[in-house]
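Participant: For reference, the sequence and a predicted model appear below.
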Amino acid sequence: MEIRLFNTLTLTKDGFVPVEGSKVRLYVCGPTVYDFIHIGNARVFVLFDAFRRFLEEVGFQVIFVQNFTDIDDKIIRRAQELGVSPKEVAERYIEEYWRDAEALGIKRATVHPRATEHIPEMIALIAKLEEKGFTYSVEGDILFDVSRFPEYGKLSKKKLDELQEGARVEVRYEKRNPADFVLWKGAKPGEPFWESPWGKGRPGWHIECSAMAMKYLGETLDIHAGGIDLVFPHHENEIAQSEAATGKPFVRYFLHNGYVTINAEKMSKSLGNIITVRELLKQYNPKAIRLALFGTHYRNPINIDVELLEASSQFLERMKNFLRNFAFIRKKVAENPSRKVESESDVLGEVVRFQQLFLEALADDFNTPQALGVFGEFMRFGNRYLLPSRGKWSEEVLAAMDAFLGIVERVLGIIPWAELGAEDREVQALVEEREKARKEKNFALADALRERIRALGYVVEDTPLGARFFRHEGREG
RNA sequence: GGCGGCAUAGCCAAGCGGCUAAGGCAGAGGAUUGCAAAUCCUUCAUUCCCCGGUUCGAGUCCGGGUGCCGCCUCCA
């Protein structure tokens, strides 16, 4: 299967071929740990985690690196506000990140390097740049001289002279070029610092990603991903400093996801509309949140609002019902050999086709909305096949459906098996009692029993194959 | 000022020149059911912001217009 990815470097959808066989070197810019992550951060992490899982599903070995920026201005500011050390702030919010990530079903990367644990690597990289003449120093800071890197702007399609005109940066000091950026910041009183050939100081923001990416993934990455707002200057600067140092292409495919808005407004502190993952999880099932995120193509902007979350929650409910149908029939077939049919190649073919279409959609620039569309059709098809009135089923088909569900779960993590709820002996007895009452046409008793079952948190459904029941979880799951 | 993106049904959202414009949510009607729940079926854009053009053929390409958004400054 050919995988095609929209590459920000070329602005076209290119066929994806890793540098080395089936090995994929993937880097995603992780969070700056000064606060809880918000839904905008979550979009990046959920999306590219799923993308990584997709690559693995189709046979790639992915080395996935996602960093923690654990030293920077925002962390220092936060530490001052809280009256603790920057390190404490970082440690705390790394812990909070793990909690949110786990709750959202985001798997851990192969490596989660921290900036503060890679200062020597950054210093070495800066030294190399200095050696090659790409740096200059002003007032204790070491700056990268973009004019020495002719390809500067190739990612963001910006030209240096245009940048000059648009730039309205608070100038702390005179840079040679407004686009020049800090590699090493001289320490100010009260700030954390590390020793370096240029004196006490700390790394600039951009250098950490280059240093850590190259340490774990080598000098040329297959894929580098992040939010579209990182295109300039962050990723542009990463390219400049990395390629200036190595003389090799830093990244082959740059992937960028679109913005998240809340109720059609940009998230910002001043609007006070930042939604943290922590908050969202109080109201919505994590799988519903994932579904909402996957419902829009990653490159397009997505607007988060109640309508979207409600629609996703509804879709999740439908998935649960499908799983109930599936599990119920599977159980009935396993219990009773007379319900088996040998093979149904036409039905099997359909299931296989859905699976192929699903994977092909994802192979085409990770088109999750399309894939979800295929899955919706699969559920309708499946429910039709699983109608109790059918009477007989093929175990082969049921196994194929299960296999497909496995793929969807491994890649997108949206199959709510766990939410289905365990069976309960007490309820089982009540359900059987009610069955008996129904056979005797004692509907008053049957309805009373249903109420008792409901009081225990379960809903009973009558089917031609007998009653079944499940834990009732309410609208939000 | 420079650069980039988007405009598809009530809402969300695929569509990458060629069968009847995916899918979801919401809505309507029906089947099924002792009742219910779930499910299934049918229905829901003669049309893809507007105007030109290219083409045998365009939502899809080109030009122009209108509207919205983002970046150029910390930001996922």
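Facilitator: Thanks, I have it.
Participant: And the closest residue in space to residue A:57 that isn't next to it in sequence, how far from residue A:468?
Facilitator: Nearest in space to residue A:57, with sequence neighbours left out and distances taken as Cβ to Cβ, 6 or more residues apart in numbering, is residue A:411 at 5.2 Å. (Glycine included, C-beta is placed from N, CA and C.) Residue A:411 is 29 Å from residue A:468, where distance means Cβ to Cβ, to the nearest Å.
Participant: thinking again about what came up before, can you give me phi and psi for the residue nearest to residue A:57?
Facilitator: phi -90, psi -50 (degrees, to the nearest 10).
Participant: so how many other residues sit close to it?
Facilitator: When neighbours are defined as other Cβ atoms under 10 Å, residue A:411 has 23 of them.
Participant: you'd agree it is up against residue A:366?
Facilitator: No. In this structure residue A:411 lies outside contact range of residue A:366 using Cβ atoms under 8 Å: 9.9 Å.
Participant: just checking, next helix/strand downstream of the helix or strand of chain A with the lowest mean pLDDT?
Facilitator: Least confident helix or strand, chain A: helix A:160-166 with a mean of 63, by mean pLDDT, DSSP states H and E. Heading C-terminal from helix A:160-166, the first helix or strand you meet, by DSSP states H and E, is strand A:181-186.
Participant: low-scoring stretches of chain A, by residue?
Facilitator: For chain A, the stretches with pLDDT under 70 are A:162-173, A:421-424, A:473-477.
Participant: what domains does the record give for it?
Facilitator: A:4-135+A:205-283, A:306-415, A:425-471 (automatic domain parsing).
Participant: want to try CSV for these, with distance to residue A:156 as columns?
Facilitator: Shown next, in CSV, are the domains of chain A (distance: least, Cβ to Cβ, whole Å):
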stretch, distance to residue A:156
domain A:4-135+A:205-283, 4
domain A:306-415, 20
domain A:425-471, 51
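Participant: right, so those: which one is the most enclosed?
Facilitator: Most buried of the domains of chain A, by mean neighbour count (mean count of other Cβ atoms under 10 Å): domain A:4-135+A:205-283, with a mean of 19.
Participant: Do that domain and RNA strand B come into contact?
Facilitator: Yes. Using Cβ under 7 Å from any atom of the strand, domain A:4-135+A:205-283 reaches RNA strand B at A:11, A:13, A:29, A:31-32, A:40-41, A:43-44, A:73-74, A:205, A:226-234, A:257, A:259-260, A:266-268.
Participant: Now whichever residue of the stretch 101-250 of chain A sits closest to RNA strand B. Nearest residue, chain neighbours left out?
Facilitator: The minimum distance from the stretch 101-250 of chain A to RNA strand B, using Cβ to the nearest atom of the strand, falls at residue A:227 (2.2 Å). Spatial nearest neighbour of residue A:227, chain neighbours left out: residue A:44 (5.4 Å); criterion: Cβ to Cβ, 6+ apart.
Participant: Residue A:28 is in contact with that neighbour, correct?
Facilitator: Yes. Residue A:44 is in contact with residue A:28 according to Cβ under 8 Å; the separation is 6.8 Å.
Participant: Give the residues shared as contacts by those two.
Facilitator: Residues touching both residue A:44 and residue A:28 by Cβ atoms under 8 Å, 6 or more residues apart in numbering: A:225, A:226.
Participant: Pick out the residue in the stretch 1-150 of chain A sitting closest to RNA strand B.
Facilitator: Nearest to RNA strand B, among the residues of the stretch 1-150 of chain A, is residue A:40, at 3.0 Å (Cβ to the nearest atom of the strand).
Participant: mind listing the helices for the stretch 251-400 of chain A?
Facilitator: Under the criterion DSSP state H, counting those that start in this stretch, helices of the stretch 251-400 of chain A are mapped to A:277-283, A:286-294, A:306-335, A:345-363, A:368-385, A:395-412.
Participant: Make CSV out of those helices and add distance to residue A:242.
Facilitator: Converted to CSV, the helices of the stretch 251-400 of chain A look like this (distance: least, Cβ to Cβ, whole Å):
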stretch, distance to residue A:242
helix A:277-283, 31
helix A:286-294, 30
helix A:306-335, 38
helix A:345-363, 29
helix A:368-385, 30
helix A:395-412, 30
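Participant: Nothing else from me, thank you.
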